[in-house]
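Enquirer: Can you look at this prediction? I've put the sequence above it.
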Amino acid sequence: MHRTSPQASLLQDTGFPSASSPPASASRASRGALIDQDRDHLVHPVAPWRAHEQRGVTVLESGQGCMLRDIDGNELLDAFAGLWCVNVGYGQESVVMAAMEQMRRLPYATGYFHFGSEAAIRLAAKLVEISPASLQHVYFSGGGSEAVDAAIRFIVQYYNNTGRPSKKHFLSLQRGYHGSSSTGAGLTALPAFHRGFDLPLPSQHYLPSPNPYRHASGDAQAVIDDSVAALRAKVAELGADNVAAFFCEPIQGSGGVIVPPRGWLKAMQDAARELDILFVVDEVITGFGRTGPMFACQDEGVEPDLMTLAKGLTSGYVPMGATLLSEKVYAGIADGAPAGAAIGHGTTYSAHPVAAAVGLEVIRLYQQGGLLANAQAIAPRFAAVLDGLADHPLVGDVRHRGLLGALELVSDKASKRGFDPALGLADLIGRTGYGNGLVFRAFADNILGFAPALCLGERECELLETRLRKTLDDVLKLPEVRSALAG
């Protein structure tokens, strides 16, 4: 497999070599046709379809490091790593070479009928090596939603096979995100993923989000105590013999980058164990160095029964997800099944060899390539950029851990009152940021999310600082925004 030196693997130059970029005129010549074809044929995920048709697509053309270029030649700082996923940055040649070499040698290998590939076997072993000690088995899928869906199916089968078929209720958090599969979207507690889909299911229940900013007292220990009490109360309400598992993100991503107090995750694990329900950590967003350590749960010594992964697993270069299982869960399923009977769970692309080869190289870049160390070293500078905006008239809260952060915008800092949804502030600020050469996540409830690539450097931090402040200042100048502010 192709390898680069550790020094070469950490992208520092975020310029675009002209030799690798297609002529801008050729791209612009086809711009109109692309927009029309997109409007006519391509269904976009999590978008208002008719509004998208009217707006038209923004076509991205190339990327290097933390920078993107669109079809019109605009250079953009991607402060969101694609969709929380391009952790190694764009243009890592060794990752491209790993995929190319695997495609030449063996582009596909089924995992059915006892077949397998070297890359998938090695990646499974590598994930067990670097993950919490409780996790010993790996099932590969096509992405994060599939990984969550697999976890749900495994849990149902685990309890059926161990003689506890009544344990069918699942708990998660308000504002939590666990994908958009037909079942996992019910564990997700965001309205867009329920509307029109007959979700949540009667067996899916939510606990309050552990949000210090919106908590009555804001005291860290009070947030933890209240979450534990809510878990105990819900299990008591449903009956311990009926509750299967509690799903949570160490930091809630799509719900607005909600950062619980340190100690929250461990306290919830301990309570779940005492209540005899499985503890599932969704690290699809927080995994692979995003919050500092390789996995966020390692920061508190948490050892879940199951863990879901995706995004940073392949840095978004190719699709892949993973569900990690403890020996207890694996053995409960395996030993409770009829002798010789197949465990009826699988997909065509599970353990795809090209995705696995990419995953192995991406993990090498985290460890030997210096990306994990770089992310940990630059995190204080990233935090300082966000903290430096706390005094801005629009900013009510700043929160972050590692290279994951958010600004929550409010119309009244004293009361923490948000903005009227009719203002459309998220769209306003997203468009303004793009015009200033900055890409980030503008959530509908006026929270700005940031998750830059782990190759982030001082130059990119300076760009983020300058462009983000200008974006907030430009939005503040809008008459409709100024009139919405208190006093």
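Expert: Arrived safely. Numbers count the residues shown, from 1 in each chain.
Enquirer: which residues touch the residue nearest the centre of the chain?
Expert: The chain has Ile285 as the residue nearest its centroid, 2.4 Å off, counting by CA atoms, centre = their mean. Residues near Ile285 by CB atoms under 8 Å, 6 or more residues apart in numbering: 84, 177, 249, 251, 253-254, 311, 404, 451. In short, each C-beta sits where N, CA and C put it, glycine included.
Enquirer: Make a markdown table from those residues and add distance to Gly186 and neighbour count to it.
Expert: Formatted as a markdown table, the contacts of Ile285 follow (distance: CB to CB, whole Å; neighbours: other CB atoms under 10 Å):
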| residue | distance to Gly186 | neighbour count |
| --- | --- | --- |
| Trp84 | 21 | 24 |
| Tyr177 | 12 | 26 |
| Glu249 | 16 | 25 |
| Ile251 | 21 | 26 |
| Gly253 | 18 | 25 |
| Ser254 | 15 | 23 |
| Lys311 | 21 | 27 |
| Leu404 | 25 | 26 |
| Ala451 | 25 | 30 |
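Enquirer: now these in CSV, with distance to Thr188, secondary structure and pLDDT?
Expert: Converted to CSV, the contacts of Ile285 look like this (distance: CB to CB, whole Å; DSSP: H, G, I helix; E, B strand; the rest coil; pLDDT from 0 to 100):
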residue, distance to Thr188, secondary structure, pLDDT
Trp84, 15, helix, 97
Tyr177, 5, coil, 96
Glu249, 11, coil, 98
Ile251, 15, coil, 98
Gly253, 11, coil, 97
Ser254, 8, coil, 96
Lys311, 16, helix, 98
Leu404, 19, strand, 98
Ala451, 18, coil, 98
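Enquirer: Looking at these, which one is closest to Leu275?
Expert: Relative to Leu275, the closest of the contacts of Ile285 is Glu249; by CB to CB it sits at 19.7 Å.
Enquirer: Surely the closest one and Gly179 touch.
Expert: No - the pair Glu249 and Gly179 fails to qualify as a contact (CB atoms under 8 Å) at a distance of 11.3 Å.
Enquirer: Identify the contacts common to the two.
Expert: Here Glu249 and Gly179 have Val284 as joint contacts, going by CB under 8 Å, 6+ apart.
Enquirer: Would you map out the domains in this structure?
Expert: Following automatic domain parsing, one gets these domains for the chain: 6-92+370-482, 106-367.
Enquirer: right, and those - which one's nearest Ala99?
Expert: Closest to Ala99 of the domains of the chain is domain 106-367 (CB to CB; 5.2 Å).
Enquirer: name the element Asp226 belongs to?
Expert: Taking DSSP states H and E as the definition, Asp226 sits inside helix 220-238.
Enquirer: ok, now Phe246?
Expert: In the assignment (DSSP H and E), Phe246 maps to strand 243-248.
Enquirer: what does Gly405 give?
Expert: Gly405 belongs to strand 404-409 when assigned by DSSP H and E.
Enquirer: And the average pLDDT for the helix or strand just after that strand is what?
Expert: The helix or strand immediately downstream of strand 404-409 is helix 425-435, counting by DSSP H and E. Helix 425-435 shows an average pLDDT of 95 in the prediction.
Enquirer: what residues does helix 425-435 touch?
Expert: 58, 76, 409, 419, 439-440, 442-446, 448, 467-468, 471-472, 474-475, 478, 481.
Enquirer: just stretch 469-483 next, same as before
Expert: Residues outside stretch 469-483 that contact it (CB under 8 Å, 6+ apart) are 388-389, 392-395, 423, 425, 428-429, 432-433, 436, 438.
Enquirer: what's the farthest-apart pair in these?
Expert: Largest separation among those by CB to CB: Gly388 and Leu423, giving 25.2 Å.
Enquirer: These two: who's more crowded?
Expert: Neighbours were counted for Gly388 and for Leu423 using other CB atoms under 10 Å; Leu423 has more, 17 against 13.
Enquirer: Hmm, that one is touching Ala484, no?
Expert: Yes - counting by CB under 8 Å, Leu423 touches Ala484, with 6.1 Å between them.
Enquirer: Show me the shaky parts of the chain.
Expert: 1-29, 487 (pLDDT under 70).
Enquirer: Assign a three-state SS to the residue sitting furthest away from the middle of the chain, would you?
Expert: For the chain, the residue at maximal distance from the C-alpha centroid (CA atoms, centre = their mean) is Ala339, at 38.3 Å. Recorded secondary structure, Ala339: coil (DSSP: H, G, I helix; E, B strand; the rest coil).
Enquirer: Please enumerate the helices of the stretch 1-150 of the chain.
Expert: Secondary structure of the stretch 1-150 of the chain by DSSP state H, counting those that start in this stretch: the helices cover 6-9, 24-29, 31-41, 49-55, 81-84, 93-105, 118-130, 144-161.
Enquirer: So among the contacts of helix 425-435, which ones count as buried?
Expert: Among the contacts of helix 425-435, those buried by neighbour count (16 or more other CB atoms under 10 Å) are 76, 409, 419, 439-440, 442-443, 446, 448, 467-468, 471-472, 474-475, 481.
Enquirer: Quick one: residues contacting Val280.
Expert: Taking CB under 8 Å, 6+ apart, we find Val280 in contact with 151, 155, 245-248, 304-308.
Enquirer: now with 6 Å?
Expert: Neighbouring residues of Val280 by CB atoms under 6 Å, 6 or more residues apart in numbering: 151, 245, 247, 306.
Enquirer: my read: Asp282 touches Thr308, true?
Expert: Yes - counting by CB atoms under 6 Å, Thr308 is a contact partner of Asp282 at 4.9 Å.
Enquirer: ranges for the strands of the stretch 251-400 of the chain?
Expert: Using DSSP state E, counting those that start in this stretch, the strands found in the stretch 251-400 of the chain span residues 278-282, 306-309, 321-326, 395-401.
Enquirer: re earlier: okay, the helices of the stretch 1-150 of the chain in JSON lines with distance to Gln367 next?
Expert: As requested, the helices of the stretch 1-150 of the chain are exported to JSON lines (distance: least, CB to CB, whole Å):
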{"stretch": "helix 6-9", "distance to Gln367": "9"}
{"stretch": "helix 24-29", "distance to Gln367": "37"}
{"stretch": "helix 31-41", "distance to Gln367": "39"}
{"stretch": "helix 49-55", "distance to Gln367": "40"}
{"stretch": "helix 81-84", "distance to Gln367": "19"}
{"stretch": "helix 93-105", "distance to Gln367": "13"}
{"stretch": "helix 118-130", "distance to Gln367": "8"}
{"stretch": "helix 144-161", "distance to Gln367": "22"}
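Enquirer: winner for burial among those helices?
Expert: Across the helices of the stretch 1-150 of the chain, averaging neighbours per residue (mean count of other CB atoms under 10 Å) puts helix 144-161 on top, at a mean of 24.
Enquirer: name the helices or strands packed onto that helix?
Expert: With contacts taken as 3 or more CB pairs under 6 Å, 6 or more residues apart in numbering; DSSP states H and E, helix 144-161 sits against strand 135-141, helix 184-187, strand 243-248, strand 306-309, strand 321-326, helix 327-336.
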